[in-house]
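Novice: Got a predicted model here, sequence first, then my questions.
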Amino acid sequence: MATIGLRKLYYARLTEDTETTTTYETPKRLAGLINVEINPSIQKNTLYGDDMPLATASSISEITVTLETADIPLADAAAMLGHSLDSGTMLVKASDTSPYVAILFEAEKHDGQTRYVKLLKGKFDEGQESLQTRGESVEYTTPKLEGTFVARTSDGAWKMVKDTSDTTVATSWYASV
């Protein structure tokens, strides 16, 4: 699958994930999506017998996700990272705990279709900050968040993907997780 674009990042806080129920808050938009990296950690093992491989198995242990955006407003950073926000000031404490969130986005495919993606349960951590002075030319520095995603308790799912050229899908895709 070749993609030629990436846009419309949303996040939704996970409020409940039990064996029978999964609920989320309403997704909120984060403008200016630049890059998403999804890196599943796959553990592979092969069973050998009679001097040859007899069977192979694999499992996903965790999924590392890196988001790069043009900006992350403080209200959204606080919501995604478990910090407090009071009168426009975000207070970051060592004891803060990130909530589980889902992220939703879309990528334009080379064949004119759109790939819609939902990553269903992950926690983001403080990303590395790099700031620099302005020199002879302007160089942008953009925020990155790194997170670890896992399967949901309710159904074992960690990702949903839909490819379509139907433009009406976007409305329902971002309405809920």
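Specialist: Cool, the structure landed. Given the structure is predicted, the values throughout are model-derived calculations rather than measurements.
Novice: For the rest of this, base every contact and every neighbour count on C-alpha atoms.
Specialist: Fine.
Novice: Can you show me the strands along this structure?
Specialist: Counting by DSSP state E, the chain has strands at residues 3-17, 22-24, 28-30, 33-49, 52-69, 84-86, 89-91, 101-109, 114-125, 144-149, 159-164.
Novice: Including mean neighbour count, distance to T171 and mean pLDDT, could the ones you listed go into CSV?
Specialist: Conversion of these to CSV gives the following (neighbours: other CA atoms under 10 Å; distance: least, CA to CA, whole Å; pLDDT from 0 to 100):
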stretch, mean neighbour count, distance to T171, mean pLDDT
strand 3-17, 18, 11, 96
strand 22-24, 16, 17, 98
strand 28-30, 17, 13, 97
strand 33-49, 13, 18, 95
strand 52-69, 14, 22, 93
strand 84-86, 14, 30, 96
strand 89-91, 13, 31, 97
strand 101-109, 21, 12, 97
strand 114-125, 22, 11, 97
strand 144-149, 21, 25, 96
strand 159-164, 14, 13, 96
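Novice: For those strands, please prepare JSON lines with the additional fields distance to V138.
Specialist: Output for those, formatted as JSON lines (distance: least, CA to CA, whole Å):
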{"stretch": "strand 3-17", "distance to V138": "24"}
{"stretch": "strand 22-24", "distance to V138": "40"}
{"stretch": "strand 28-30", "distance to V138": "24"}
{"stretch": "strand 33-49", "distance to V138": "18"}
{"stretch": "strand 52-69", "distance to V138": "18"}
{"stretch": "strand 84-86", "distance to V138": "31"}
{"stretch": "strand 89-91", "distance to V138": "27"}
{"stretch": "strand 101-109", "distance to V138": "28"}
{"stretch": "strand 114-125", "distance to V138": "28"}
{"stretch": "strand 144-149", "distance to V138": "19"}
{"stretch": "strand 159-164", "distance to V138": "37"}
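Novice: nearest to D76, of those?
Specialist: The closest of the strands of the chain to D76 is strand 28-30. By CA to CA, the value is 7.8 Å.
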